[in-house]
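Trainee: Give the three-dimensional model of this entry:
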Amino acid sequence: MTIKDVKKELCDCCSGYILIGQRYMICHNCNKIVHKKCYKKSNFSIHNSKQMCPNCALSTLKRYNPFEEVFDTQGNTDNDSDHFYNCEIHNEIPILQTANNILNKCKNHPSTSMKTLITEFPGDFTTLFYNIDGNKSNFDTFATQLSTTTINFSVVGLAETNIGKDETADLFKINGYKSFYNEKLQDKKKGTGVALYVNESFNATENEKLSLVSPNIESIFVTVNDNNKKINIGCIYRSPNGDEEKFIEDFLSLIEQFPKNHTSIIMGDFNFDLFKRLQSAVEKFEDVFLSQGLFPLISLATHKTDSSSSCIDNILTNGTEKCCLSGIIEDMGTHHSPIFSIFDLSLGANEKPPVQIQEYCYSAKNIEALEKELNPELIDVYKGLDFESFFQLFKNGIDQCCKLTKPRYSKRNRINNPWITDGIIDAIEHKNDLYTNWVRTKVNKNDTGDQKLYEKFSKYRYYLKKIIKEQKSNYHKSKISQCSGDIKKTWEIINQLRGKSKRTIKPCFLVDGVLVLQRRVIANKFNQYFASIASKLNNETSEVLENSSD
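Mentor: Next up is the predicted model:
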């Protein structure tokens, strides 16, 4: 917009004319215009890196995207040769356009939509990060919710576990995953500890050089190997009470030690609010990861309280072009929301546990309805002794009372979390519905939403968390009581609860860069290796003798 176009415009604040040569501000969304001198009175603000009037700022979702201003085409900038981006920078540096698109596509997703997302954005490597705020109080609830999703995440990162490597880490297991815990700060009971859970279909080893523990930074890193491809993935936590400058120094030093030519993914709670880019510490933090070729994947609020929201959890990667999608799971967690990413890294086909399909629900309520449905008619069937009629009647009754309108897809089976009942799954879905109803009442003018709906959701979540713990405890108590009189089986269960059970992880072995899990193949490769040692030594000895004789 040129000065000629606005010479007869009125200032939206003082209603005076904006004359030629006067400095002005214009709203990015609605084109309201004010004098530069009226900027403070008009309550104009920088929102999502754009100038906005108060109404547009309230109605626009807060989003972090440092690249959008580069690709913003609003306004007549093509004829302005003074702007550095007239050279079509997105054609010169396509990775910036990719990063811009990913941040704009970042959305809040309900946990029930995750299956659809995987179908729409198929990838072979998925990550999930969550600030769990204490394993002892929240792990069971998190593991229960995780088991009801249909995504078999490749890596799960946790922050603020409040437990160390050699404490009780073995007690907190996720079936199908191998856990990596780092030490926690010894003088802190809360607000410390990081962990990674890697899917057993991958071969992973801890990178101790990158795993740090200090008051300013805590990290745990592993290297994932798959078909000659290596992925450097880690989890970082920065305490809000730590030294910001020292964290940035340690963080930069950590990045500089990353293995070259590896895809690197960093998940973490950095406690730098990226919505406040103008703050000195946030600006320095942003400069560090962008200058090192790491791009953020999360652009929306990840931490919410009754009075504020901030973007402090994120996923950073140097493989932005390989990222299919990123987002936030809005109905899991408490103040912190889990964040996820889906990558297509062209990995080999990894063996995944089959998804269990449930078409019938045999809850107490449904069985009671089935009894009422069948009782009046069974007498006539018995009198006629017609088995086919009885079978058809019974089948129709089950279909009418117990068949689900839509099948459930779950990773649960008789081994994975057997204490999770259908009733608990229904309760989790109801809790998600209560959360959705409350969130719909939240608007920018009323961040807290309907307080009655929030209290209803909050109380239900509290009692559900309590029920899950009781159900798990009752399940293990019943298992012990069933083994009454059998000391050996009793101690097997006790050791499982103590995290002292025998490892069930299959042996991992790399042959020509390929992960091999078959025991017989591993044994044959060892035999070939040891059988060839003698012949290799003989060949080397003969070469040395020939060279010495010459």
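Trainee: hey, where'd the strands end up in the stretch 251-400 of the chain?
Mentor: 263-269, 295-296, 303-304, 309-310, 313-317, 323-329, 339-343, 356-360 (DSSP state E, counting those that start in this stretch).
Trainee: Can you give the distance of the fifth one from its chain's centre?
Mentor: What that stands for is strand 313-317. In terms of CA atoms, centre = their mean, to the nearest Å, the gap separating the centre of strand 313-317 from the centre of its chain is 10 Å.
Trainee: That strand - contacts with which helices or strands?
Mentor: Counting contacts by 3 or more CB pairs under 8 Å, 6 or more residues apart in numbering; DSSP states H and E, strand 313-317 is packed against strand 125-131, strand 263-269, strand 295-296, strand 339-343. Heads up, the C-betas are built off the backbone N, CA and C, glycines and all.
Trainee: Mind listing residues that contact that strand?
Mentor: Contact with strand 313-317 is made by 127, 129, 131, 263-270, 274, 289, 294-298, 302-303, 323, 326, 336-337, 339, 341, 343, as judged by CB atoms under 8 Å, 6 or more residues apart in numbering.
Trainee: Would you format the strands of the stretch 251-400 of the chain as CSV with distance to Thr205 included?
Mentor: Compiled in CSV, the strands of the stretch 251-400 of the chain are given as follows (distance: least, CB to CB, whole Å):
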stretch, distance to Thr205
strand 263-269, 15
strand 295-296, 26
strand 303-304, 32
strand 309-310, 34
strand 313-317, 20
strand 323-329, 24
strand 339-343, 20
strand 356-360, 31
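Trainee: Pull up the distance across stretch 256-274, start to finish.
Mentor: End-to-end distance of stretch 256-274 (CA to CA, to the nearest Å): 22 Å.
Trainee: Could you dump the helices and strands packed on strand 313-317 into a markdown table and include distance to Glu256, mean neighbour count and mean pLDDT?
Mentor: Formatted as a markdown table, the helices and strands packed on strand 313-317 follow (distance: least, CB to CB, whole Å; neighbours: other CB atoms under 10 Å; pLDDT from 0 to 100):
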| stretch | distance to Glu256 | mean neighbour count | mean pLDDT |
| --- | --- | --- | --- |
| strand 125-131 | 23 | 26 | 93 |
| strand 263-269 | 12 | 25 | 94 |
| strand 295-296 | 17 | 24 | 94 |
| strand 339-343 | 23 | 26 | 93 |
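Trainee: could those go into JSON lines alongside distance to His35?
Mentor: Output for the helices and strands packed on strand 313-317, formatted as JSON lines (distance: least, CB to CB, whole Å):
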{"stretch": "strand 125-131", "distance to His35": "44"}
{"stretch": "strand 263-269", "distance to His35": "42"}
{"stretch": "strand 295-296", "distance to His35": "36"}
{"stretch": "strand 339-343", "distance to His35": "41"}
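Trainee: can you tell which of those is closest to Asn495?
Mentor: strand 125-131 (28.3 Å; CB to CB).
Trainee: What strands line up against the closest one, and which way round?
Mentor: For strand 125-131, the pairing partners within the sheet under DSSP bridges are strand 155-159 (parallel), strand 339-343 (antiparallel).
Trainee: So which of the helices and strands packed on strand 313-317 is nearest Lys40?
Mentor: Nearest to Lys40, of the helices and strands packed on strand 313-317 and by CB to CB, is strand 295-296 at 31.0 Å.
Trainee: quick one: contacts of that closest one?
Mentor: 64, 95, 99, 102-103, 274, 289, 314-318, 320.
Trainee: Now that Ser154 has come up, it's in contact with Val198, right?
Mentor: Yes - taking contacts as CB atoms under 8 Å, Ser154 lies within contact range of Val198: 7.4 Å.
Trainee: which of the residues in the longest helix seen in the chain are buried?
Mentor: What stands out as the longest helix in the chain, according to DSSP state H, is helix 451-482. For helix 451-482, a neighbour-count test (16 or more other CB atoms under 10 Å) marks 453-454, 457, 460-461, 464-465, 468, 471-472, 479 as buried.
Trainee: Can you say which two of those residues are spatially most distant?
Mentor: Leu453 and Lys479 (39.0 Å).
Trainee: And the average pLDDT for stretch 520-535 is what?
Mentor: For stretch 520-535, mean pLDDT is 76.
Trainee: all numbers from here: first residue = 24
Mentor: Will do, 24 is the new start, and the previous item becomes stretch 543-558.
Trainee: from the middle of its chain, how far away would that stretch be?
Mentor: On CA atoms, centre = their mean, the centre of stretch 543-558 falls 42 Å from that of its chain.
Trainee: Okay, buried residues for it please.
Mentor: Here stretch 543-558 shows Ile545 as buried, counting by 16+ other CB under 10 Å.
Trainee: likewise stretch 69-89?
Mentor: Within stretch 69-89, the residues scored as buried using 16+ other CB under 10 Å are 70-76, 79-80, 86-89.
Trainee: Out of the residues you listed, which is nearest to Glu515?
Mentor: Nearest member of the buried residues of stretch 69-89 to Glu515, counting by CB to CB, is Tyr87, at 50.3 Å.
Trainee: and the closest one, how far is that from Gly214?
Mentor: Distance, Tyr87 to Gly214, using CB to CB, to the nearest Å: 24 Å.
Trainee: got it, and Leu416?
Mentor: Taken as CB to CB, the span from Leu416 to Gly214 is 61 Å.
Trainee: try Gln302
Mentor: 22 Å.
Trainee: So for these two, which sits in the more crowded spot?
Mentor: Gly214 (18 against 14; other CB atoms under 10 Å).
Trainee: tally of neighbours for the closest residue to Leu208 other than its chain neighbours?
Mentor: Distance criterion CB to CB, 6 or more residues apart in numbering; nearest residue to Leu208, sequence neighbours excluded, is Thr215 at 4.4 Å. For Thr215, the neighbour count with other CB under 10 Å is 23.
Trainee: How about the contacts made by Thr215?
Mentor: Contacts of Thr215 by CB under 8 Å, 6+ apart are 183-185, 207-208, 241, 260, 262.
Trainee: before we move on, the earlier item: out of the contacts of strand 318-319, flag the one nearest to Lys512.
Mentor: Out of these, the member with the shortest distance to Lys512 (by CB to CB) is Ile338, at 43.7 Å.
Trainee: Please read off the pLDDT at the closest one from the model.
Mentor: 96.
Trainee: what number of residues lie near the closest residue to it other than its chain neighbours?
Mentor: The spatially closest residue to Ile338, leaving aside those adjacent along the chain, is Leu320, at 4.4 Å (CB to CB, 6+ apart). Neighbour count of Leu320, defined by other CB under 10 Å: 26.
Trainee: Same question for Glu563.
Mentor: Neighbours around Glu563, by other CB under 10 Å: 10.
Trainee: do Phe176 as well
Mentor: Residues near Phe176, counting by other CB under 10 Å: 24.
Trainee: who's in contact with it?
Mentor: 149-151, 169, 222, 363.
Trainee: swap in Thr459?
Mentor: Here Thr459 is in contact with 133, 354 (CB under 8 Å, 6+ apart).
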